[in-house]
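Colleague: Any chance you could fold what I've pasted below:
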Amino acid sequence: MSFNSLGLSDPLLKAIQKKGYTTPSPIQEKCIPIVLQGKDVLASAQTGTGKTAGFTLPLLQLLAGEQTPQKRPIRALVLTPTRELAAQILENVREYSTFLKIKSTVIFGGVKQGPQVNTLRNGVDVLIATPGRLLDLQDQGLLSLKDVEVLVLDEADRMLDMGFLRDIKKVLALVPQKRQNLLFSATFSKEIKKLANGFLNNPVLVEATPENTTAEKVNQKIYHVDKVKKRAIIIAMIKEGNWQQALVFTRTKHGANKLCEKMQKAGITAAAIHGNKTQGARTKALAGFKEGSIRILVATDIAARGIDIPLLPHVVNFELPNVPEDYVHRIGRTGRAGANGIAISLVSHEEADYLRDIEKLLKQSLPTGIIEGFEQGPAPEIDPNANKQQNRNHRKPRNKNGGGNWNRNKNKNSGNRNKNSNRRSDNN
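Modeller: Numbering: from 1, shown residues only. Presented below is the predicted three-dimensional model:
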């Protein structure tokens with residue numbers, strides 16, 4: 001099947017041809033005709049399957065087919081969990097709308113809002129946004145969602161993981177009831193299905209691959225190693241394998257910084273990308289990684305969303321994620337668009353439970369191997385009295401006034417103060 005048979009307009013086909021695409025991916029083949037019919041969609045699609053084009057192309061055609069209002073109100077809203085993903089989607093929207101009279105922009109936190117507000121005042125048809133900045137500007141009366149015709153939730157599972165459910169519900173209350181809804185998620189949890197049932201109208205279920213599965217083109221390998229040897233192992237892998245490009249995942253921002261420093265001291269060009277980095281630093285690191293001046297990008301899960309490298313050869317789990325669905329997202333950064341990829345996980349004794357949860361989610365045992373010279377030692381013995389002693393050492397002192405009411409009230413008030421600050425976090 002070709003793009004010509006999907007009912008797309010000539011300007012869109014011209015843009016697709018300019019990008020060098022000839023054959024639609026399975027998600028594009030299934031999704032585009034349904035969206036063009038104006039139906040709601042619930043799509044299970046991993047990263048790297050072409051899902052962005054799956055909703056962008058028909059969305060642009062629907063908007064282009066209408067008479068453009070003089071003031072250009074926001075007619076399509078795409079919500080994403082992270083800045084990097086939002087920027088990536090905007091890039092795709094602009095490329096596909098090259099031959100259309102469609103205006104688009106992106107808004108997210110971590111940067112000054114002035115330039116974003118000026119662009120919005122000039123009018124846009126398509127707005128890509130993270131929830132925090134979107135609601136901030138709406139609260140200030142700087143944008144309106146009353147004319148939205150199409151609402152897209154991209155990587156909805158990650159938005160829920162990041163605690164955006166409350167913000168999503170606020171957005172749903174701000175857009176017209178009569179609209180088309182598209183929800184895309186790499187994994188289908190109970191929470192995602194509950195969210196979908198709450199706002200989708202008789203959606204068509206589209207599955208490019210079975211839910212909670214990994215890409216077929218990704219060669220996965222588990223290496224059981226000692227935790228203290230991980231840094232030496234990954235540096236040896238990069239050097240001996242002469243890796244020119246690899247994305248490495250850590251669980252924490254501090255861990256990303258430390259690993260990046262070790263690599264740089266070993267003569268490997270590396271950069272860290274995570275929520276504590278400024279937007280300028282994140283953009284610079286990502287650009288260097290794409291152009292090849294930076295060989296290794298060390299990232300946390302949140303910051304890695306939106307990293308789209310078509311031929312990324314290696315993904316390494318320096319540390320396994322404690323949320324099994326994140327494993328699917330991580331290794332989905334390689335093996336994209338039909339290319340082959342390698343996903344390596346360094347697993348210590350302490351991560352055995354994480355590995356078990358991942359294999360349970362995938363319903364398969366992952367292949368394991370041994371790295372010569374770095375064989376894993378025996379598991380450390382567990383002192384049965386250690387937890388008891390630790391609990392005794394960490395007992396909360398009683399309040400002078402008796403009871404724990406002061407602490408409870410303090411936590412309660414603190415929670416109220418922070419309730420709104422979560423949305424304004426650096427990841428928005």
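Colleague: can you pull out the helices in the stretch 201-350 of the chain?
Modeller: With DSSP state H, counting those that start in this stretch, the ranges of helices along the stretch 201-350 of the chain come out as 230-240, 253-265, 279-291, 301-304, 324-331.
Colleague: What ranges in the stretch 201-350 of the chain fall below the confidence cut-off?
Modeller: 208-216, 303-306, 308, 310, 336-338 (pLDDT under 70).
Colleague: mind running it again at 90?
Modeller: 206-219, 274-283, 286-287, 290-292, 300-312, 323-341 (pLDDT under 90).
Colleague: So what sits opposite the nearest residue to L259 once chain neighbours are set aside in the bridge?
Modeller: Spatially, and ignoring its direct neighbours in sequence, L259 is nearest to V298 (5.3 Å; C-beta to C-beta, 6 or more residues apart in numbering). To be clear about C-beta, it is placed using only N, CA and C from the backbone, and glycine gets the same treatment. Legend: beta-bridge partners of V298 under DSSP bridges are V248, A272.
Colleague: For V298, give me its contacts.
Modeller: 248-250, 256, 259-260, 263, 270-273, 318 (C-beta atoms under 8 Å, 6 or more residues apart in numbering).
Colleague: Now with 10 Å, please.
Modeller: Shown in contact with V298 (C-beta atoms under 10 Å, 6 or more residues apart in numbering): 234, 246-250, 255-263, 270-274, 285, 304, 316, 318.
Colleague: same thing with F289?
Modeller: Contacts of F289 by C-beta under 10 Å, 6+ apart are 245-247, 269-271, 273, 295-297, 299, 307, 309, 312.
Colleague: coming back round to it: so which of the helices of the stretch 201-350 of the chain is nearest D157?
Modeller: helix 324-331 (6.4 Å; C-beta to C-beta).
Colleague: For K290, list the residues it contacts.
Modeller: 245, 297, 307-309, 312.
Colleague: who wins for neighbours among these?
Modeller: Counting neighbours by other C-beta atoms under 10 Å, the top entry in the contacts of K290 is L297, with 27 neighbours.
Colleague: That one and T250 touch, don't they?
Modeller: No - assessed by C-beta atoms under 10 Å, L297 is found out of contact with T250, at 11.2 Å.
Colleague: residues shared between the contacts of the two?
Modeller: Shared contacts of L297 and T250, defined by C-beta under 10 Å, 6+ apart, comprise 256, 260, 272.
Colleague: Mind giving me the PyMOL command for buried ones among the residues you listed?
Modeller: Buried members of those, defined by 16 or more other C-beta atoms under 10 Å, are picked up in PyMOL with:
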select buried, resi 256+260+272
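Colleague: wait, which of the shared contacts of L297 and T250 is closest to Q88?
Modeller: A272 (19.3 Å).
Colleague: that older thread, can you select the buried ones from the contacts of V298 in ChimeraX?
Modeller: In ChimeraX syntax, the buried subset of these is picked out as below (16+ other C-beta under 10 Å):
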select :234,246,247,248,249,250,255,256,257,259,260,262,263,270,271,272,273,274,285,304,316,318
